[in-house]
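Novice: what follows is a predicted protein model with its sequence.
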Amino acid sequence: MKTLPLTGHGSLAIDLNSPGSYLHWSIFTVSMANLVLIAVMVVIFAAALLLPFPGRRSAVTPAPADSAATPAAADGDAAADVAEDPDGRMWTARVRRRALAVLPPHKLLPDRQPAYVASWVYVFGVASLAALGMAIVSGLIIALGGTDWWHTNPVGHFFNSMHLWSVELFMALLVIHLWGKFWMAAWRGRRALTWMTGVVAFLASIVECFTGYLSQQNFDAQWISTNGKDAFNAAGVGAFFNLMNFGQMLLWHVVLIPIILVALIGAHVLLVRVRGVSHPLPAATGRPRMPHIRLGGPRSWLPAMTASRERSRRQRAADAAQWRGPTRRYDILKEGTIASLVILVLTVALAGVLSSPDEPPVTVQSWAQVAPADFLGTAATELNGTSETATYGPPYNTNGTPQSELFAPADWFGVTQPIDAAQTFVLSPLSKSAPTDPQLAAALATYNAAPAALQQKWATNYGTAEAKVRFVNGNPVVPPANDGPVPSMLATELALARSGAIDTDLLAQRPFYGTDYTKPLLFLEDGQYFASLAAAQNLTGDQWGVMNETGSYPGQPWLWLYQLWYHVPGWSNSANADLIAIYMTGLATLLLLFIPFIPGLRDIPRLIPVHRLIWRSPRGGQPEGPGADPRRSRPGQPSVTS
């Protein structure tokens with residue numbers, strides 16, 4: 001892993017790479033950059049609720065009275081075509097007719113929409129799509145220059161900055177869009193699948209962003225990978241989804257997940273076109289009140305229950321009914337073009353003024369040069385089998401106990417990336433230098449001939465004495481101890497590390513492209529130097545580091561729920577904290593996904609009438625409902641922005 005220069009910050013860019021500011025409150029630690037981002041999102045959402053929408057009080061058009069018969073006439077024409085055309089029974093013809101029936105052109109590219117779709121809240125769907133498009137385009141440009149281009153070239157760094165800020169805009173707009181759909185109770189009227197595909201697309205977006213961070217090959221990517229691997233390993237996923245294999249993460253980021261994400265978003269948009277946008281909620285904010293029942297008999301409650309069920313049935317039917325109220329003009333292509341131009345201007349401005357972070361990566365070489373004492377102490381723990389890697393357990397070895405809550409998912413796949421800490425980090429690199437170093441060859445021969453218990457004793461004694469190490473002309477001098485050939489071995493290990501040979505060897509143990517940094521990163525993680533750098537950047541777990549970015553850049557505040565579980569009293573010090581966080585985040589995700597089917601949760605938008613700020617009649621009253629007289633207007637078409 002080579003150290004890459006930090007370049008590409010234009011002369012006009014504000015330097016946000018200096019240490020950030022953080023707000024501490026109770027168990028929460030929030031970076032000021034993330035706090036600013038959250039505040040901006042809240043202000044944008046509030047503005048969308050409160051600011052009048054252009055043209056809301058005009059261009060509301062009733063339709064001809066005979067428009068309700070149009071779909072039936074179309075069906076009759078289709079039936080006539082089948083009767084006259086002998087090819088009409090072909091599979092291709094049937095699929096074409098079915099597609100046109102479900103998604104006719106006036107639904108795919110509508111020019112009318114319901115009059116109540118006159119709020120800024122409806123804009124965030126198309127705005128998030130525009131931001132996603134900008135992220136894809138900037139990512140493609142970065143790919144043209146290669147993975148190292150943006151680290152070393154100012155033009156590449158600028159496009160990386162565009163990629164960063166387009167992703168930040170995409171995620172912020174997506175979250176605001178989700179807020180709006182929740183307060184609309186947008187799952188009503190047989191739109192549960194529309195809601196669920198949107199939620200799954202949001203989750204896929206988080207995974208896409210996560211793999212993007214891992215693909216950067218800078219310090220932030222290193223730290224995220226070494227910390228994130230604990231949760232993935234605890235869940236058993238680390239056996240085949242290795243966060244420290246940057247090549248694997250890059251392919252997931254640029255190929256697999258984008259395909260899934262685009263497919264999910266496409267399905268979501270098509271469902272919006274098929275089902276339409278949800279109708280305005282009724283004026284009543286509470287549940288229907290039960291009539292007063294006298295205790296007159298064992299079945300006196302049946303009429304009240306029947307009436308309540310009938311009201312619920314009618315409400316569901318009204319929510320699913322086709323809109324027959326007033327409509328307004330809607331130019332979907334114009335809206336998308338304007339949104340794309342706004343996102344382009346914002347992205348270029350943010351990239352030019354704020355740039356993007358690129359803290360150089362840490363290598364074994366830089367570690368050995370800056371903190372040689374920590375390097376020697378860590379190498380001793382690798383030899384005596386007490387380092388974190390040596391005692392980790394699956395998927396690296398069988399020496400540790402995997403996290404378990406009811407069961408241990410890490411045991412399902414066992415050891416899939418075998419690592420013998422002593423052999424991998426110390427003995428193997430030394431053995432490759434022994435043929436040209438007689439003194440090292442003799443020390444290794446003595447060490448290898450000794451029993452395992454004596455080897456461990458030598459390494460442990462050296463580790464104790466190493467606490468008082470001093471350096472003379474750069475060479476370590478350790479107080480005398482019963483440590484056999486270990487001082488000579490680790491002095492050579494330090495010299496090799498300082499020359500960069502250890503980095504090369506740990507990568508060379510894996511053939512081909514050399515993008516799997518599992519071994520050098522595990523070695524770095526076993527020491528204290530790596531963690532001290534992360535703590536200085538507020539990236540550690542007790543600093544809510546999963547949400548943070550290096551410097552004063554905003555990170556990923558939408559991951560607050562996952563990070564929260566690590567700070568709950570009783571869980572924060574648990575040996576199974578990673579597994580608990582995964583379980584609880586998974587439960588919260590399921591609740592979000594299945595809100596349309598969970599009584600109580602799905603009723604919150606009715607009980608807290610934020611929807612009244614979204615749906616405001618142009619004439620000051622409640623919007624006309626779906627049961628309006630069809631002779632007064634024709635069905636309108638929904639907006640893609642929902």
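Specialist: Perfect, I can see it now. Numbering: from 1, shown residues only.

Novice: just checking, what packs against the helix or strand hosting Gln455?
Specialist: In this assignment (DSSP states H and E), Gln455 forms part of helix 452-465. For helix 452-465, the packing partners by 3 or more CB pairs under 8 Å, 6 or more residues apart in numbering; DSSP states H and E come out as helix 372-384, helix 486-499. (Glycine included, C-beta is placed from N, CA and C.)

Novice: and the first one, how far out from the chain's middle?
Specialist: Centroid separation between helix 372-384 and its chain, computed with CA atoms, centre = their mean, to the nearest Å, is 36 Å.

Novice: ok, then the element right after it?
Specialist: helix 421-422.

Novice: pull out the buried positions in the helix or strand that that following helix is followed by.
Specialist: Counting by DSSP H and E, the element after helix 421-422 in chain order, helix or strand, is helix 428-433. By 16 or more other CB atoms under 10 Å, the buried positions in helix 428-433 come out as 429-430, 433.

Novice: now distance to Ala135 and pLDDT too, for those, in JSON lines please.
Specialist: Listed next are those as JSON lines, based on distance: CB to CB, whole Å; pLDDT from 0 to 100:
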{"residue": "Pro429", "distance to Ala135": "41", "pLDDT": "95"}
{"residue": "Leu430", "distance to Ala135": "46", "pLDDT": "96"}
{"residue": "Ser433", "distance to Ala135": "46", "pLDDT": "93"}
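
Novice: nearest to Ala575 among those residues?
Specialist: Among the buried residues of helix 428-433, Pro429 lies closest to Ala575 (CB to CB), at 32.1 Å.

Novice: can I see the domain layout of this protein?
Specialist: Domain assignment for the chain by automatic domain parsing gives 27-56+117-288+318-359+599-614, 364-536.

Novice: what about the last one, how long is it end to end?
Specialist: The reference is to domain 364-536. Taking CA to CA, to the nearest Å, the first and last residues of domain 364-536 lie 19 Å apart.

Novice: give me the distance from it to the chain's centre.
Specialist: 33 Å.

Novice: show me where the stretch 451-600 of the chain has its helices.
Specialist: Counting by DSSP state H, counting those that start in this stretch, one finds helices in the stretch 451-600 of the chain at the ranges 452-465, 486-499, 501-508, 518-526, 529-536, 560-564, 577-593.

Novice: dump the ones you listed to TSV, plus distance to Thr378 and mean neighbour count.
Specialist: Converted to TSV, these look like this (distance: least, CB to CB, whole Å; neighbours: other CB atoms under 10 Å):
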stretch	distance to Thr378	mean neighbour count
helix 452-465	9	18
helix 486-499	10	22
helix 501-508	12	20
helix 518-526	5	25
helix 529-536	9	17
helix 560-564	28	17
helix 577-593	23	17
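
Novice: now those helices as CSV including distance to Gln113 and mean pLDDT?
Specialist: CSV is the format used below for the helices of the stretch 451-600 of the chain (distance: least, CB to CB, whole Å; pLDDT from 0 to 100):
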stretch, distance to Gln113, mean pLDDT
helix 452-465, 71, 95
helix 486-499, 65, 96
helix 501-508, 57, 89
helix 518-526, 52, 96
helix 529-536, 50, 96
helix 560-564, 34, 93
helix 577-593, 27, 96
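
Novice: neighbours around the closest residue to Phe594 other than its chain neighbours, how many?
Specialist: Once flanking residues are discounted, Phe594 sits nearest to Met196: 7.8 Å by CB to CB, 6 or more residues apart in numbering. Residues lying near Met196 (other CB atoms under 10 Å) number 19.

Novice: Met196 and Ala101: what is the separation?
Specialist: Met196 sits 24 Å away from Ala101, going by CB to CB, to the nearest Å.

Novice: that older thread, out of the helices of the stretch 451-600 of the chain, nearest to Ala263?
Specialist: helix 577-593 (17.5 Å).

Novice: so what secondary structure elements neighbour that closest one?
Specialist: helix 192-214, helix 219-234, helix 560-564.

Novice: could you tell me the angle between the longest one and helix 577-593?
Specialist: Here helix 192-214 runs at 150 degrees with respect to helix 577-593, directions being taken by axes from the mean of the first three to the mean of the last three CA atoms, to 10 degrees.

Novice: pull the CA atoms of helix 192-214 into PDB?
Specialist: The C-alpha trace of helix 192-214 is given here as PDB (Å, rounded to 0.1, in the frame of the first residue of the first chain):
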ATOM      1  CA  ALA A 192     -47.400  -0.800   0.000                       C
ATOM      2  CA  LEU A 193     -45.100  -2.300  -2.600                       C
ATOM      3  CA  THR A 194     -44.200   1.300  -3.800                       C
ATOM      4  CA  TRP A 195     -43.200   2.200  -0.200                       C
ATOM      5  CA  MET A 196     -41.200  -1.000   0.200                       C
ATOM      6  CA  THR A 197     -39.200  -0.700  -3.000                       C
ATOM      7  CA  GLY A 198     -38.400   2.800  -2.000                       C
ATOM      8  CA  VAL A 199     -37.100   1.700   1.400                       C
ATOM      9  CA  VAL A 200     -35.100  -1.100  -0.100                       C
ATOM     10  CA  ALA A 201     -33.600   1.300  -2.600                       C
ATOM     11  CA  PHE A 202     -32.600   3.600   0.300                       C
ATOM     12  CA  LEU A 203     -30.900   0.600   2.000                       C
ATOM     13  CA  ALA A 204     -29.100  -0.300  -1.300                       C
ATOM     14  CA  SER A 205     -28.000   3.400  -1.500                       C
ATOM     15  CA  ILE A 206     -26.400   3.100   2.000                       C
ATOM     16  CA  VAL A 207     -24.500   0.000   0.900                       C
ATOM     17  CA  GLU A 208     -23.400   1.700  -2.300                       C
ATOM     18  CA  CYS A 209     -22.100   4.700  -0.300                       C
ATOM     19  CA  PHE A 210     -20.300   2.400   2.100                       C
ATOM     20  CA  THR A 211     -18.500   0.400  -0.600                       C
ATOM     21  CA  GLY A 212     -17.500   3.800  -2.100                       C
ATOM     22  CA  TYR A 213     -15.900   4.900   1.100                       C
ATOM     23  CA  LEU A 214     -14.000   1.600   1.200                       C
END
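
Novice: list the buried residues in the strand or helix carrying Val137.
Specialist: Taking DSSP H and E as the definition, Val137 sits inside helix 123-145. Under the neighbour-count criterion of 16+ other CB under 10 Å, helix 123-145 has 123-139, 141-142 buried.

Novice: give me the distance from stretch 344-351 to the chain's centre.
Specialist: Distance, stretch centre to chain centre, for stretch 344-351: 22 Å (CA atoms, centre = their mean).

Novice: and the closest residue to Gly377 other than its chain neighbours, how many neighbours does it have?
Specialist: Leaving aside its sequence neighbours, Gly377 sits nearest to Glu466 (CB to CB, 6+ apart; 5.1 Å). Glu466 sits with 23 neighbouring residues when counted by other CB under 10 Å.
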